[in-house]
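> Mind looking at a prediction? Sequence and model below.
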Amino acid sequence: MFSTIYIEEEVLETSRVKKMLDRFPQVPRVVCERYGEVFNRKSQNFRLQKKAPALILAKKYGSKVLAAPDGYGYNDSRSYYFSHMLNCVYDCRYCFLQGMYSSANYVLFVNYEDFEEAIASKIEENSGGGVYYSGYDCDSLALEPVSDFCKHFVPLFGEYPNAELEIRTKSTQIRHLLEQPVIPNCVIAMSFTSHEAGARWEHKVPSIDKRLEALQKLQLAGWRVALRFEPLILDSLGLTPYENLFAQVFAKLDAKKIHSVSSGLFRMPIDFHKRIVKLYPDEELFARPTTTADGMIALKSEDESLQLAAIEKILFSHVSPQQYYRCG
Amino acid sequence: MIETLEKSLHGAGSTPVNIVVAHALEAKALIPMLHLQPFDTTSRFVQYGNSNNLHLIVSGIGRAAMEAAITDLSQQQANEEGQIRAWLNIGIAGHSQAPLGGAWLGNKITCQVSGVSAYPPQLIAHIDSGAVITVDEPERTYPEDAAYEMEAFSFFEQATKYSTAELVQVFKIISDNLENPIEKLDFKNVPNWIGLQQEQIILLISKMSSLVGEYNDSNRIPEVYRDLCSRMHLTVNQKLQLRRLCLRYKALGLESDLESVISLAGSHSKKVISQLSAQIDRVGKQ
Ligand code: SF4
């Protein structure tokens, strides 16, 4: 699963790290002082590292709960995100993480208690409310068997019923969620693109069927689930791929019980795009004509807003407009 | 499997790997193993190569010698096409207890003088890995569980200026330990110890070669770019624009259209670039 495990000296003797290491007796271990010595150094190549990523076990210093970027999630001024992990086990070609980091290794911050403290104090600062996103710099659930993320972070939100936790994922690792009592203010938001886009750009991601199966199990168990249809990459296939996708999704899920549905077009900060182009000069997606506005890059398309509106119209045949928001 | 890999190193494919050794005796074992021939060069460093693009340079001992050799070789191999090479340092080292002839890939290289460590990313499976410590004077007590030697840290620091860290690796073979101290090291044995690691060395080179090959393939600029550069005067900025355009045509599966667009645009560099941009904007939309 990992080519190497790097461990910061400071966390080497912690019981959490020892337990994690016990799972991988065969994987070479390297002790380092700080994770920055290994991760995101100049002269590293994300694309090559993705072939055999390493795990880095580290301690997170500094701010642990940050204001969510504009356009991320619901339109709530009190939106935050936290990242107990950097990078993702999946390999979506459109993912902005490729442009954000020069390293594809997974950094797992193991000082969960410090995160919990920071989240709790942010919730209290917000009089017990706010929306807290997990899964901005990573996929929150994909490494669950190793990280036990859900076991630690989800129950905390049980103590703050007015704060909301959104776990954004493409993973089907839901066992730990199903094993614990439902927390009504925790939303599991699953991302989807069309079959065609998935086949083309999403590598190692569980199939749409498998993801839907996981969401259905969660919904039947009483968990609140949400749907994220992004990034929408519009192409010559038109609306049919989305019609098919929505039909498949809503045949499986109880649409009325869905917490929220969102969609968003492919957008990326210009700098990230530049770096990704260098990384994948042979990738068709990044060779397409683009436009830029407000520091973001988008694919050039004359009828983008019309197409998006058409996709939304199809969506509204399944869910109510009140359940929906547009990202970005 | 090793026979197949071994053949591939001097077969028809390309092996864009530079091997750097400090000592001529280290080269002695590698030359027949890798089917290398003396390489004719004006450089002050002795070099070997084969028709398959595999290259070996003898740097001399110590950090400064290593730096100089890498700079020299990278200048000799400089190209405008963004093609890179993998770099592999093979050399002898000491360890307190490891048996003579044992070997590992450096996963942490520490400079003893500065205390700074570098971590070559580990993409290659099935080869043992371990720590390496670079010292300025031969180490006699080997206090840490690491291979003690004199060049690896400089090698990594210098070679990563010309390649990406994943393609810069250090492979150390144990030549001395507490029972066989460095003073009694019989240099005649060096080629034998290296020879013992033939399988690992060939595996390593072929894996590095395939990684760098993939990198170079994805960065390969269509032939027409070189043609244009030789035919017309292009500023540095124009060359960059043209390079990117050629790569975009290739990525969109339109490489074969390049020639016709260029021939329609004539011989004026600005016009060529604007035509190529306009055309790709028209047809590149999906
Ligand atoms: S699942 Fe999300 S975070 Fe992971 S690679 Fe894909 S887009 Fe990136």
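Nice, I can see it. Residues are numbered from 1 along each chain as shown, chains lettered A, B, ... in the order given.

> who does the longest strand seen in chain A touch, helix- and strand-wise?
Ranked by residue count, the top strand of chain A under DSSP state E comes out as strand A:224-232. The helices and strands touching strand A:224-232, judged by 3 or more CB pairs under 8 Å, 6 or more residues apart in numbering or on different chains; DSSP states H and E, are strand A:186-192, helix A:208-221, helix A:240-252, strand A:261-265, helix A:304-315. To be clear about C-beta, it is placed using only N, CA and C from the backbone, and glycine gets the same treatment.

> can we see that at 7 Å?
strand A:186-192, helix A:208-221, strand A:261-265 (3 or more CB pairs under 7 Å, 6 or more residues apart in numbering or on different chains; DSSP states H and E).

> got the angle for it vs helix A:240-252?
Interaxial angle, strand A:224-232 versus helix A:240-252 (axes from the mean of the first three to the mean of the last three CA atoms, to 10 degrees): 170 degrees.

> Quick one: mean pLDDT over strand A:224-232.
For strand A:224-232, the mean pLDDT works out to 96.

> cool, stretch B:21-41 as well?
95.

> Could you do stretch B:90-104 as well?
According to the model, stretch B:90-104 has a mean pLDDT of 97.

> same check, this time on stretch A:297-307
89.

> Could I get the buried residue list for that stretch?
If you call a residue buried by 16 or more other CB atoms under 10 Å in any protein chain shown, then stretch A:297-307 has these buried ones: A:297, A:298, A:299, A:301, A:304, A:307.

> Quick one: residues contacting the nearest residue to residue B:232 once chain neighbours are set aside.
Closest residue in space to residue B:232, ignoring its immediate chain neighbours: residue B:269 at 5.0 Å, by CB to CB, 6 or more residues apart in numbering or on different chains. Applying CB atoms under 7 Å, 6 or more residues apart in numbering or on different chains, we find residue B:269 in contact with B:232, B:233, B:234, B:238.

> Quick one: buried ones out of those residues?
Applying 16+ other CB under 10 Å to those flags B:234, B:238 as buried.

> And the helix or strand of chain B with the lowest mean pLDDT, how far out from the chain middle?
Within chain B, no helix or strand scores below helix B:2-9, which has a mean of 71 by mean pLDDT, DSSP states H and E. Offset of helix B:2-9 from its chain centre (CA atoms, centre = their mean, to the nearest Å): 18 Å.

> Other residues contacting it?
Taking CB under 7 Å, 6+ apart as the rule, helix B:2-9 contacts B:15, B:34, B:52, B:54, B:199, B:202, B:203, B:205, B:206.

> Residues of chain A that sit close to the ligand?
Counting by CB under 6 Å from any ligand atom, the residues of chain A close to the ligand are A:88, A:90, A:91, A:92, A:95, A:97, A:139, A:170.

> Now the fourth one. Nearest residue, chain neighbours left out?
Once its chain neighbours are removed from consideration, residue A:92 has its nearest residue in residue A:202; the separation is 4.8 Å (CB to CB, 6+ apart).

> Does the one you found touch residue A:95 like I think?
No: proximity of residue A:202 to residue A:95 does not meet the contact threshold set by CB atoms under 7 Å, at 9.1 Å.

> Can you tell me which helices and strands the longest helix along chain B packs against?
Assignment by DSSP state H gives helix B:198-218 as the longest helix of chain B. Counting contacts by 3+ CB pairs under 7 Å, 6+ apart, helix B:198-218 is packed against helix B:2-9, strand B:17-21, strand B:86-94, strand B:168-176.

> burial of residue A:70, as a residue count?
9 (other CB atoms under 10 Å in any protein chain shown).

> and it, which of the three is it?
coil (DSSP: H, G, I helix; E, B strand; the rest coil).

> gap between it and residue A:295?
Distance, residue A:70 to residue A:295, by CB to CB, to the nearest Å: 11 Å.

> ok, now which ones touch residue 228?
Since no chain was named, I'll use chain A. Residue A:228 touches A:168, A:189, A:190, A:191, A:262, counting by CB under 7 Å, 6+ apart.

> Can you look at chain B instead?
Counted by CB under 7 Å, 6+ apart, residue B:228 has contacts B:242, B:262, B:272.

> Could you list the low-confidence segments of the chain?
No chain specified, so I'll use chain A. A:75-77 (pLDDT under 70).

> ah, no, chain B please
B:1-2, B:5, B:10-13, B:284-286.

> Which residues of it lie near chain A?
B:107-108, B:117, B:119, B:121-123, B:125, B:129, B:160, B:164-166, B:211, B:215, B:218-219, B:247-248, B:250-252, B:280-281, B:284-286 (CB under 7 Å from any CB of the partner chain).

> residue boundaries of the helices in the stretch 1-150 of chain A?
Taking DSSP state H, counting those that start in this stretch to define them, one finds helices in the stretch 1-150 of chain A at A:15-22, A:46-49, A:97-100, A:112-125, A:144-147, A:149-158.

> Helices of chain B, start to end?
Secondary structure of chain B (DSSP H): helices at B:2-9, B:24-33, B:63-76, B:152-159, B:190-196, B:198-218, B:223-231, B:236-251, B:257-265, B:269-283.

> which one of those has the most crowded surroundings?
helix B:152-159 (a mean of 26; mean count of other CB atoms under 10 Å in any protein chain shown).

> So what touches that one?
So helix B:152-159 is contacted by B:20, B:63, B:66-67, B:70-71, B:87, B:89, B:106, B:109, B:111, B:118, B:120, B:132, B:134, B:168, B:170 (CB under 7 Å, 6+ apart).

> Give me the buried subset of those.
For these, buried by 16+ other CB under 10 Å: B:20, B:63, B:66-67, B:70, B:87, B:89, B:106, B:109, B:111, B:118, B:120, B:132, B:134, B:168, B:170.

> The stretch 151-300 of chain A against chain B: which residues are in contact?
Applying CB under 7 Å from any CB, we find that the stretch 151-300 of chain A lies next to chain B at A:235, A:236, A:281, A:282, A:283, A:284, A:287, A:288, A:289, A:300.

> give the contact list for the nearest residue to residue A:310 once chain neighbours are set aside.
Of all residues not flanking residue A:310 in the chain, residue A:239 sits nearest, at 5.6 Å (CB to CB, 6+ apart). By CB under 7 Å, 6+ apart, residue A:239 lies in contact with A:310, A:311, A:314.
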